[in-house]
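# mind folding the following:
(one chain, ligands or ions: 2)
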Amino acid sequence: MRIIYYDCFSGISGDMNLGAMVDLGMDGEYLVGELNKLSIRDSFHVWFEKQQKHGITGTKAHVDQLKHEHAHRHLLDIEEIIDDSTLNQRVRETAKGMFRLLAEAEGKVHGKTPEAIHFHEVGAVDSIVDIVGAAICFDYWNVDQVLASPVQVGGGFVQCAHGLMPVPAPATAALLEGIPIRSGLVDGETTTPTGAVILAYGADRFVDSLQMDVKGVGYGLGTKDFQIPNVLRVYLAEVEEGVQEEAQLMIEANLDDMNPEYYSFVEERLFDAGALDVFKTPIIMKKGRPGVKLSVLCETSNKDIMTELIFTHTTTLGVRTYPVGKVMMERKMIQAETIWGRVDVKVGIYKGKPIKHKPEYEQCAAIAKENNLDLIRVYDEVNKQLEGKYDRTK
Ligand SMILES: O=C([S-])c1cc(C(=O)S)c[n+]([C@@H]2O[C@H](COP(=O)(O)O)[C@@H](O)[C@H]2O)c1
Ligand code: NI
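Ligands and ions are numbered 1, 2, ... in the order given. You can find the predicted model right below:
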């Protein structure tokens with residue numbers, strides 16, 4: 001499987017992304033030619049330059065604004081600009097999808113609907129170039145999956161049109177919901193709303209570590225200078241199809257003196273903080289005492305927060321930790337149209353072949369309750385609808 005892996009140790013912004021893509025081998029002239037399909041082509045000049053940061057040679061993308069503008073665009077204005085272009089449909093849909101996500105994040109922050117949002121900085125010409133450019137890049141590389149590392153957001157405060165904003169800026173924080181982030185490596189904004197939306201929309205998965213066969217590496221240089229190299233690294237790589245082995249961590253504690261009511265409380269906290277799994281095993285401890293082994297599977301980088309939660313919310317005085325390899329089948333979601341409505345179905349893919357599927361339990365249970373049916377009948381109907389929809393032998 002061909003992938004692009006975003007290594008966001010110093011975050012991501014729209015121009016760092018464009019620079020990294022050209023550095024990875026995308027023809028800069030092709031990218032500029034595609035961007036010139038926008039009706040606002042006379043308002044910008046995009047060019048690329050090889051530069052160094054901390055001795056790392058990479059590509060700096062320059063987006064010069066040619067006309068002074070005070071345009072405060074709404075989502076509909078931007079959708080119109082994109083639709084008026086001669087860009088291919090996939091690029092137009094991706095770019096509009098990213099702007100909608102951005103508008104939803106801004107809407108959440110400013111208490112407005114996405115349509116009512118008055119984009120200022122994030123709707124300026126350079127943001128349109130960065131986002132449409134990102135859509136052109138995704139279309140150009142046409143990889144099977146886009147993966148990314150946890151995202152460094154930086155720290156401190158940033159000056160923007162709203163005034164001083166905490167880093168990550170609120171729109172960035174809203175866009176990064178559900179995405180693993182790291183903060184505080186530098187005093188400044190390493191990830192902007194535009195960078196965040198590229199990952200929030202474009203990345204299929206976020207992983208701490210990855211086994212890959214690297215085919216190319218590109219560095220996109222940022223504008224600011226930090227103590228760390230302000231660059232975005234991207235890899236073009238092959239990963240083995242069907243199975244993915246990731247290094248994760250198991251944290252365990254044996255408990256024999258805890259109020260049973262505390263378990264669900266700590267479990268909820270652990271899941272909220274990003275635990276990948278939490279489970280309990282009955283055990284017999286010394287002196288014949290019955291107890292419970294609490295096991296928490298998590299990303300290695302979440303060790304401290306998980307340990308703190310276990311120490312704070314259980315009676316244990318210590319935990320055991322050990323690295324585990326987690327082998328995952330590739331998954332894809334498909335839909336089954338049943339007589340009671342649509343049901344999502346997870347398909348497990350091994351070495352490129354779909355070999356099993358599982359209807360989403362919550363949706364089947366809701367249908368069973370609403371229609372006074374037994375669950376087996378609902379599962380049978382979903383399975384019937386999927387017959388011939390995917391071929392297990394291919
Ligand atoms: O323009 C708007 S509404 C805006 C909102 C926010 C919020 O977090 S809300 C933040 N910013 C800042 O503007 C610059 C530009 O970001 P790009 O993504 O266009 O590079 C950046 O510092 C944002 O934090 C703008
Ligand atoms: Ni804003």
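# same for whichever strand or helix holds residue 343, what does it pack against?
Element membership of residue 343 [criterion: DSSP states H and E] is strand 341-350. Counting contacts by 3 or more Cβ pairs under 8 Å, 6 or more residues apart in numbering; DSSP states H and E, strand 341-350 packs against strand 320-338, strand 353-359, helix 361-370, helix 375-386. C-betas here are computed from N, CA, C, even on glycine.
# now do the second one against helix 375-386, angle only.
With axes from the mean of the first three to the mean of the last three Cα atoms, to 10 degrees as the criterion, the two stretches strand 353-359 and helix 375-386 enclose an angle of 140 degrees.
# tell me which strands strand 353-359 pairs with, and in which orientation.
Applying DSSP bridges, strand 353-359 is found paired with strand 341-350 (antiparallel).
# for the record, mean pLDDT for the partner strand?
Per-residue pLDDT over strand 341-350 has a mean of 89.
# can you name the residues in contact with that strand?
Contact with strand 341-350 is made by 241-243, 329-336, 354-360, 363-364, 367, 378, 382, 386, 390, as judged by Cβ atoms under 8 Å, 6 or more residues apart in numbering.
# report the buried residues of the strand holding residue 343.
343, 345, 347-349 (16 or more other Cβ atoms under 10 Å).
# and which of those is nearest residue 49?
Nearest to residue 49 among those, counting by Cβ to Cβ, is residue 349 at 41.6 Å.
# just the buried residues of the contacts of strand 341-350.
Buried, going by 16+ other Cβ under 10 Å: 242, 330, 336, 354, 357, 359-360, 363-364, 367, 378, 382, 386, 390, out of these.
# where does the stretch 251-394 of the chain have low pLDDT?
The model of the stretch 251-394 of the chain has pLDDT under 70 over residues 389-394.
# closest residue of it to ligand 1?
Closest to ligand 1 within the stretch 251-394 of the chain is residue 274: 22.9 Å, counting by Cβ to the nearest ligand atom.
# dump stretch 235-254 to CSV, restricted to CA.
The C-alpha coordinates for stretch 235-254 follow below in CSV (Å, rounded to 0.1, in the frame of the first residue of the first chain):
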residue,chain,number,x,y,z
TYR,A,235,7.5,10.6,3.5
LEU,A,236,6.3,8.8,0.5
ALA,A,237,6.4,5.1,1.4
GLU,A,238,5.1,1.6,1.0
VAL,A,239,3.6,-0.2,4.0
GLU,A,240,2.6,-3.9,4.0
GLU,A,241,-1.0,-4.1,3.0
GLY,A,242,-3.5,-5.7,5.3
VAL,A,243,-1.5,-5.8,8.5
GLN,A,244,0.0,-2.9,10.4
GLU,A,245,2.2,-3.5,13.4
GLU,A,246,2.3,-0.6,15.9
ALA,A,247,4.4,-0.3,19.0
GLN,A,248,2.1,0.4,22.0
LEU,A,249,2.2,0.2,25.7
MET,A,250,0.4,-2.0,28.3
ILE,A,251,0.0,-0.6,31.8
GLU,A,252,-1.3,-3.0,34.5
ALA,A,253,-2.1,-2.8,38.1
ASN,A,254,-3.4,-5.6,40.5
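# give me the number of residues near the residue in the stretch 1-150 of the chain positioned nearest to ligand 1?
Closest approach between the stretch 1-150 of the chain and ligand 1, counting by Cβ to the nearest ligand atom: residue 121, at 3.5 Å. Counted with other Cβ atoms under 10 Å, residues neighbouring residue 121 total 15.
# got the contact list for it?
Residue 121 makes contact with 127, 160-161 under the criterion Cβ under 8 Å, 6+ apart.
# quickly note the distance from it to residue 162.
Residue 121 sits 9 Å away from residue 162, going by Cβ to Cβ, to the nearest Å.
# same check, this time on residue 206
Residue 206 is 28 Å from residue 162, by Cβ to Cβ.
# ok, those two, which is more surrounded?
Set residue 206 next to residue 162 and count neighbours by other Cβ under 10 Å: residue 206 wins out with 18 against 14.
# so that one makes contact with residue 178?
No - contact criterion Cβ atoms under 8 Å: residue 206 and residue 178 do not qualify, at 9.0 Å.
# burial check on the closest residue to residue 157 other than its chain neighbours, number of neighbours?
Nearest non-adjacent residue to residue 157, counting by Cβ to Cβ, 6 or more residues apart in numbering: residue 164, 4.9 Å away. By other Cβ under 10 Å, 9 other residues sit near residue 164.
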